[in-house]
Every structure is written in C-alpha cells, then in structure tokens.
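>>> only the shape, not the letters, is given here:
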C-alpha cells in the first residue's frame with residue numbers, strides 16, 4: 001500500500017499533458033509512478049456531483065498534488081476537459097496497461113462519497129486496455145442502471161440544478177486554496193447525462209486520444225444476457 005501524499009510535497013514530479021491543453025501548468029504526479037513498470041487502473045462505476053460520473057478517466061485526479069487539484073477546481077469552466085487531458089501525461093500513456101471495474105454495485109446518485117448504491121441482478125466486470133473505451137461502456141452501464149433504481153432514490157433535482165455543483169466546487173476550491181481562489185474561481189457548468197454522448201469528459205477524450213474507439217463487446221462467459229449486450233452495444237455505437 002502506498003499513499004501518495006504521505007511522502008510530502010517533494011514526493012511528486014511534473015508530467016505534461018497533451019499539447020494545447022487547458023492546463024496552465026504541468027501536472028504534479030507521484031514519484032512512485034516512475035518506479036513501476038505497469039499500471040492497472042481499477043475505477044468504480046459511480047455518479048459524481050461535479051464531473052457527472054466517476055469512472056476511469058476521472059480516477060486520474062487521485063494522483064495529483066494539492067496545487068494541481070487547486071488549478072483543476074479554480075479554473076472550473078474547463079474542469080471536464082482537464083479531466084480528459086489529465087490522462088494524456090506521458091507516464092499514464094506509456095505504463096497504463098489495463099482498466100478494469102467491478103460494476104456489480106454502482107453508486108447511481110449524487111457521488112462521490114454518498115448516494116444510492118444499486119446492485120443489479122446481473123453484475124458486470126468491465127475491462128479494456130483503453131480507458132476511453134472502458135468509460136464508454138461503464139457510463140452506458142451506469143445510465144442503464146439509473147433507469148432501474150427506485151423512483152424515490154432518483155436525484156433529478158441534482159441532475160438538472162446547476163447551482164449546487166457550482167457551490168460545491170467553490171467550497172472545494174476554498175478548502176484547497178482559501179477564500180481568494182474560491183472567490184476568483186471560474187463558474188463550473190455541469191450538463192445532464194442522458195446518453196454517453198452528453199458527457200464532456202468523454203467527448204473531449206475523443207479529441208485528445210485520436211478519435212472515438214470502436215467498441216466490440218466480448219463476453220468472457222455465458223452469464224451475460226444477450227439482450228443486455230445488445231443494449232450496451234447500441235448505447236456505445238457512434239451515432240449516425
């Protein structure tokens with residue numbers, strides 16, 4: 001077990017995102033990533049009050065030092081785009097081999113800490129060597145399950161309200177940098193997610209990773225219902 005911030009301020013190095021990104025500075029990544037040969041990412045399948053969802057691409061935030069997180073939340077107008085760009089640093093592109101999620105339980109509302117946990121009758125394990133392809137299927141699975149949760153647990157107000165995420169982001173910015181950055185921070189806009197094509201993190205990832213990956217769903221066993229495989233295939237197929 002290695003906790004990145006326990007090494008202190010100097011336990012990080014600067015890694016650069018893709019050229020022309022929305023980041024003003026390089027991203028401060030933990031030194032241990034220089035030592036490892038392989039990275040296997042194990043994100044959850046979850047809603048997120050700020051980013052919309054918390055999947056593989058959003059998991060990159062967990063690497064960052066305090067100052068990188070401050071820029072991320074302070075310059076909030078491009079928070080979703082910076083999330084995608086955060087995955088383009090050279091270390092992750094060269095060492096991340098696999099992205100795998102145990103999506104048999106999903107945090108279907110609110111997030112990232114609290115919300116309604118839903119366990120579908122058929123649970124999935126989603127795996128790909130492409131974080132973008134993984135997140136397309138993972139988000140489709142999250143949206144599919146949100147349609148099945150009890151009506152009493154749905155957070156429609158949070159989904160459509162733009163004020164609450166803005167307030168939460170300013171609170172996080174204050175925690176990271178004080179009142180000055182919080183008051184001067186950009187307005188964060190969160191859009192509703194009715195399909196995977198509404199997600200700004202994924203949409204920008206297609207630009208920075210060279211296009212929309214073609215999804216080929218392959219079942220590892222006979223437990224995946226064919227109708228579910230078909231629905232997920234339709235949800236992840238590039239619209240005409």
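Thanks, I have it. Keep in mind that this is a model prediction, so the values were computed, not measured.
>>> quick check: closest non-adjacent residue to the most centrally placed residue in the chain.
By Cα atoms, centre = their mean, the mean C-alpha position of the chain lies nearest to residue 58, the distance being 2.5 Å. Leaving aside its chain neighbours, residue 58 sits nearest to residue 51 (5.2 Å; criterion: Cβ to Cβ, 6 or more residues apart in numbering). From N, CA and C alone the C-beta is placed, and that goes for glycine too.
>>> quick one: contacts for the one you found?
Going by Cβ atoms under 8 Å, 6 or more residues apart in numbering, residue 51 touches 58, 79, 80, 83, 190, 201.
>>> my guess is the last one contacts residue 84. True?
Put plainly, it is residue 201. Yes - under the contact definition of Cβ atoms under 8 Å, residue 201 touches residue 84, with a separation of 5.2 Å.
>>> need the residues touching each of the two.
Taking Cβ under 8 Å, 6+ apart as the contact rule, the neighbours common to residue 201 and residue 84 are residue 57.
>>> between these two, who's got more neighbours?
In terms of neighbours (other Cβ atoms under 10 Å), residue 84 is the more surrounded of residue 201 and residue 84; the figures are 30 against 26.
>>> tell me the helix or strand right after the strand or helix carrying that one.
When secondary structure is defined using DSSP states H and E, the element that contains residue 84 is helix 79-85. Taking DSSP H and E as the definition, the helix or strand that follows helix 79-85 towards the C-terminus is helix 90-95.
>>> so for that next one, mean pLDDT?
The predicted model gives helix 90-95 an average pLDDT of 98.
>>> neighbouring contacts of it?
Residues lying outside helix 90-95 but in contact with it, judged by Cβ under 8 Å, 6+ apart, are 15, 16, 29, 33, 34, 36, 37, 38, 39, 60, 87.
>>> now, those that are in helices?
Judged by DSSP state H, helices contain the following of those: 33, 34.
>>> narrow the contacts of helix 90-95 to those in strands?
15, 29, 39 (DSSP state E).
>>> ok, so what distance separates the last one from residue 29?
Summarising the geometry, the distance separating residue 39 from residue 29, computed by Cβ to Cβ, to the nearest Å, is 11 Å.
>>> so those two - more neighbours on which side?
Using other Cβ under 10 Å, the more surrounded residue of residue 39 and residue 29 is residue 29, with 23 against 15.
>>> for the residue nearest to the more buried one when sequence neighbours are not counted, give me its contacts.
Closest residue to residue 29 apart from its sequence neighbours, by Cβ to Cβ, 6+ apart: residue 15 at 4.7 Å. With contacts defined as Cβ under 8 Å, 6+ apart, the neighbours of residue 15 are 26, 27, 28, 29, 89, 90, 91.
>>> separation between residue 15 and residue 93?
The value you get for residue 15 to residue 93, if Cβ to Cβ is used, is 10 Å.
>>> cool, thanks, talk later.
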